[in-house]
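Peer 1: make a model of this:
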Amino acid sequence: MPTLKDVVRPLIPKELWDRVPRSFDIVGSRSGAVAIIEIPPELENYKFIIGDAIVRLNRHVKAVLRRIGAREGEFRLYKYEVLVPGPTEVIHKENNYLIKVDPTKAYFSPRDQGDREDIARQVMPNEVILYPFAGVGPYAITILKRQPLVRLVIAIELNEYAYYYMLDNIKLNRLEGKVLPLLGDAAKLMGLFHGVDRVILTLPLGAHRFLKQSLMSVKDGGIIHFYHLGTEENPYGEAENLVRNYCGELGYECQVVNRRIVRDYAPYVYKVRLDIKVGKF
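Peer 2: I've put the predicted structure just below:
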């Protein structure tokens, strides 16, 4: 099967062949999808050629977006340039569940599927899970599809678009009554919940600001999944220092029971996860 580079090679100068991206994200399913790609500045004059090539390679792709810069703003969204116009609201299928999303309005990454499944495998029956920055709810959906005996997932989201997509996803996956969706600021709402079994802090650039609240919300023996960024030389060092400092401040005994590099975040920078078991007595 031809690759993107194979298709565009006859259409761009030879000296730029090695700058053509090797991969891109596809969000959606066979009934309709959007492709998201990063294109370096050297290929600026050929960006529409690349967009058209993606559609030719993937007939189910109806729109192509070029991702520009890092996530930013209150809702940590990417900026996009439209290379091939089309619908950007799609239904993405993972395993036996569906995720409705428009990536221009709410963050969602298909690359985190493996991480979602890894956490879901750890969850036990009757757990109550606190899930701030829930977005469109992918971790809640993955967990409940694998472990339907979870008592409740409390899912907090500030972005209204993401929140309403989460409501749609709860219905799409028939999970009414298993998820408590809350629209609002996690900094204000997390303090309402105590004695939960598990907290999922998926925001790598800001989760540390909610680590103290998470430690106070989780029960003795509970688990916190804490996400952070780490360098290639020492991927877990900064995250572990933050855990050590907050646990020391509160007088808790915290044990890192698992470390995981989730995926690349930027050149020589990783998105990492620490699984922390919290002891309070």
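
Peer 1: switch to C-alpha atoms for all contacts and neighbour counts from now on
Peer 2: Noted.

Peer 1: for Ala266, what are its contacts?
Peer 2: Contacts for Ala266 (C-alpha atoms under 8 Å, 6 or more residues apart in numbering) come out as none.

Peer 1: do you know how far it is from Arg71?
Peer 2: 12 Å (C-alpha to C-alpha, to the nearest Å).

Peer 1: before we move on, what about Pro138?
Peer 2: Computed as C-alpha to C-alpha, the Pro138 to Arg71 distance reads 18 Å.

Peer 1: neighbour count winner among those two?
Peer 2: Neighbours per residue (other C-alpha atoms under 10 Å) separate Pro138 from Arg71, with Pro138 holding more: 23 against 14.

Peer 1: list the contacts for the more buried one?
Peer 2: 99, 116.

Peer 1: for stretch 259-274, list every residue counted as buried.
Peer 2: Going by neighbour count (16 or more other C-alpha atoms under 10 Å), the buried part of stretch 259-274 is 259-262, 269-274.

Peer 1: for Val101, which residues make a bridge with it?
Peer 2: In this entry, Val101 is beta-bridged to Val90, by DSSP bridges.

Peer 1: from Tyr227, how far out is it?
Peer 2: Remark: distance between Val101 and Tyr227 (C-alpha to C-alpha) = 23 Å.

Peer 1: ok, Pro125 next?
Peer 2: Taking C-alpha to C-alpha, one finds Pro125 at 24 Å from Tyr227.

Peer 1: neighbour count winner among the two?
Peer 2: Remark: of Pro125 and Tyr227, Tyr227 carries more neighbours, 26 against 11, as counted by other C-alpha under 10 Å.

Peer 1: what about the more buried one, which helix or strand?
Peer 2: Element membership for Tyr227 (DSSP states H and E) is strand 218-231.

Peer 1: just how off-centre is that strand within its chain?
Peer 2: Strand 218-231 has its C-alpha centroid displaced from the chain centroid by 16 Å (C-alpha atoms, centre = their mean, to the nearest Å).

Peer 1: which other helices and strands does that strand contact?
Peer 2: With contacts defined as 3 or more C-alpha pairs under 8 Å, 6 or more residues apart in numbering; DSSP states H and E, strand 218-231 has these neighbours: strand 196-201, helix 211-217, helix 237-250, strand 269-279.

Peer 1: got the CA coordinates for it in PDB?
Peer 2: The C-alpha atoms that make up strand 218-231 are tabulated as PDB, following Å, rounded to 0.1, in the frame of the first residue of the first chain:
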ATOM      1  CA  VAL A 218      -8.600  10.000  47.500                       C
ATOM      2  CA  LYS A 219      -9.200   7.400  50.300                       C
ATOM      3  CA  ASP A 220      -6.500   5.700  52.300                       C
ATOM      4  CA  GLY A 221      -5.000   3.100  49.900                       C
ATOM      5  CA  GLY A 222      -6.500   4.800  46.800                       C
ATOM      6  CA  ILE A 223      -4.700   5.400  43.500                       C
ATOM      7  CA  ILE A 224      -3.900   8.600  41.700                       C
ATOM      8  CA  HIS A 225      -2.800   8.500  38.000                       C
ATOM      9  CA  PHE A 226      -0.700  11.600  37.700                       C
ATOM     10  CA  TYR A 227       0.400  12.900  34.200                       C
ATOM     11  CA  HIS A 228       3.300  15.200  33.600                       C
ATOM     12  CA  LEU A 229       6.000  15.900  31.100                       C
ATOM     13  CA  GLY A 230       9.600  14.600  31.300                       C
ATOM     14  CA  THR A 231      12.800  14.800  29.400                       C
END
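
Peer 1: understood, closing this out.
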